[in-house]
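Colleague: Here is the input, now give the coordinates:
(one chain, ligands or ions: 1)
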Amino acid sequence: METLSNRGIDEILQKNIIIVGGGFFGMYLAEQFSILGHSVKLFEKENNYMSRASYNNQARVHNGYHYPRSILTALRSRISFPRFVNEFRDCVDSNFDKHYLISELLGKVSVRQFRMFCDRIGADCDYAPAKIQNMVNPKMIDACFTVKEFAFDAFKLRDIMLQRLDSSRAEYHCGFSVEKIEKVNQGIIAHVRDVSTDEIQEHYADHVFNCTYSHLNYLLDNSGIELISLKHEMTEMCLVDVPEECKNSGFTVMCGPFFSVMPFPSVGLHSFSHVRYTPHYEWCDRPGEKYQDSHEKFDKDTKTSAWLYMVKDAARYMPILNECRYERSLWEVKTLLPRSEIDDSRPILFRPNHGMQGFHCIMGGKIDNVYDAFDAIKKINII
Ligand SMILES: Cc1cc2nc3c(=O)[nH]c(=O)nc-3n(C[C@H](O)[C@H](O)[C@H](O)COP(=O)(O)OP(=O)(O)OC[C@H]3O[C@@H](n4cnc5c(N)ncnc54)[C@H](O)[C@@H]3O)c2cc1C
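Modeller: Okay, the predicted model is just below:
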């Protein structure tokens, strides 16, 4: 039974938390902190939640296969995959067959290595049926495997997160940009701009969680805090209507300058990316160097599609892809930790108390990394 004295303890333990960014990470953490009994306010600068990287991505629920060069990322994915699929069952599309193709000529992984790697991480991997083998150019592809990998519907995921936030006690607001933070006594004042009026409000918090992905350093730069080293790519993900034979399939050529085409459930098309042509150009944030605002760069970018290059190259491996009908492209700034360049790993970034007591920066290189992020926060007992 709740008594006056233990209610008092709850109040002392309850923290005021501001979450900056209403992508999947910010929404998930807002709900979890609220469940823990904290008073949570989330601010998202765009007019809708999950409208940036959490929507503009390939929608792959990673199950490890993608990371033969980083066993740790592969194994973490193997743990997060069933957890994500279970928790967000209604947003996961598992009604297609996913195939990983190996091209030894230009690829960084051989057929033997890929098989051994799948064994090592305990992931299912069988030779694909003849109808799939017949779709590939045998001069370019050495083996086709059928694996267990799914896709998520970002619109459904957003709606579920909104319902969950609605049922929690968290406050959440879109159209509000957190411009700057300042230390005051034991806490932090966040300067929050109403994007429609430019009016600035001040909100107090014990903790501020920066979950702004490609925009992570914006708040740091405005607040006089040292930048975190990040690499950014201006990316293009094409959305296409694939020929009938490919409708219930996804294909990824492994590890090299190759393509990936797989269902994109939220709009009923396939996403089409290419390691060489999806990133149009890149830049880095580095401590001590002048900050370049990634969202401003994105707004100014001319966005000229590389679709024809992507499909021309992909059709060398799978001639049937020439029959894809291009619909449109999703553009986004993709952000990576510098070390991912070497081994293609996707660790989380977690910088507690970065430059200011109570200010924490979080970034995950894939959607299901949210579990690792939350575990990391819980581990150091900051809330
Ligand atoms: C091209 C591409 C392909 C990808 N493919 C996959 C994939 O197949 N599978 C996978 O798991 N992951 C993939 N990812 C990675 C995945 O998209 C990200 O890990 C994930 O979306 C990050 O979620 P987030 O909430 O941190 O970021 P976001 O969804 O970008 O959310 C950050 C939010 O912060 C808001 N914001 C920024 N600044 C401020 C501010 N000052 N005040 C208030 N709000 C602010 C932004 O508007 C944005 O909504 C891909 C990413 C890209 C770009």
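
Colleague: Could you list the low-pLDDT ranges of this structure?
Modeller: 1-12 (pLDDT under 70).

Colleague: repeat that for 80
Modeller: 1-13, 339-345, 382-383 (pLDDT under 80).

Colleague: domains for it, by residue range?
Modeller: 1-59+154-226+346-383, 71-152+230-336 (automatic domain parsing).

Colleague: Mean neighbour count for the ones you listed - can I get that in JSON lines?
Modeller: C-beta coordinates here come from the backbone N, C-alpha and C atoms, glycine included. Formatted as JSON lines, the domains of the chain follow (neighbours: other CB atoms under 10 Å):
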{"stretch": "domain 1-59+154-226+346-383", "mean neighbour count": "19"}
{"stretch": "domain 71-152+230-336", "mean neighbour count": "17"}
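
Colleague: wait, what's in contact with the closest residue to the ligand within the stretch 1-150 of the chain?
Modeller: At 2.0 Å from the ligand, Gly23 is the closest residue in the stretch 1-150 of the chain, using CB to the nearest ligand atom. Each residue near Gly23 by CB atoms under 8 Å, 6 or more residues apart in numbering is listed here: 44, 49-50, 52-54, 211-213.

Colleague: One more: Cys361?
Modeller: Counted by CB under 8 Å, 6+ apart, Cys361 has contacts 210, 216, 220, 228, 349-351, 354.

Colleague: Kindly report the same for Ser214.
Modeller: 52-53, 230, 232, 294-295, 298, 332-335.

Colleague: let's see it at 7 Å
Modeller: Contact analysis of Ser214 by CB atoms under 7 Å, 6 or more residues apart in numbering lists 53, 232, 294, 333, 335.

Colleague: unless I'm mixing things up, the second one is touching His280, no?
Modeller: Going back to what we said before, that points to His232. No. Contact status for His232 versus His280: not in contact, 11.2 Å apart, counting by CB atoms under 7 Å.

Colleague: Mind checking which of the contacts of Cys361 are in strands?
Modeller: Counting by DSSP state E, those place 210, 349-351 in strands.

Colleague: Format those residues as TSV; extra columns: distance to the ligand.
Modeller: Listed next are the ones in strands among the contacts of Cys361 as TSV, based on distance: CB to the nearest ligand atom, whole Å:
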residue	distance to the ligand
Asn210	8
Leu349	10
Phe350	12
Arg351	14
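
Colleague: Switch those residues over to CSV; also include distance to Lys98.
Modeller: Shown next, in CSV, are these (distance: CB to CB, whole Å):
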residue, distance to Lys98
Asn210, 34
Leu349, 28
Phe350, 30
Arg351, 34
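
Colleague: Of those, which is the nearest to Arg115?
Modeller: Nearest to Arg115, judged by CB to CB, of the ones in strands among the contacts of Cys361 is Leu349 at 32.4 Å.

Colleague: ok, and what's touching the helix or strand hosting Asp313?
Modeller: According to DSSP states H and E, Asp313 maps onto helix 307-317. For helix 307-317, the external contacting residues (CB under 7 Å, 6+ apart) are 101, 103, 136-137, 140-141, 238, 253, 259, 272, 274, 277, 321-322, 324, 326.

Colleague: helices and strands around the next helix or strand after that helix, which ones?
Modeller: Using DSSP H and E, the next helix or strand after helix 307-317 towards the C-terminus is strand 325-336. In terms of contacts (3 or more CB pairs under 7 Å, 6 or more residues apart in numbering; DSSP states H and E), strand 325-336 is packed against strand 230-241.

Colleague: any idea how far Ser266 is from Ala306?
Modeller: 22 Å (CB to CB, to the nearest Å).

Colleague: Okay, and the beta partners of the closest residue to Arg351 other than its chain neighbours?
Modeller: What sits nearest to Arg351 in space, not counting adjacent residues and going by CB to CB, 6 or more residues apart in numbering, is Cys361, at 4.3 Å. On the basis of DSSP bridges, Cys361 is bridged to Asn210, Arg351.
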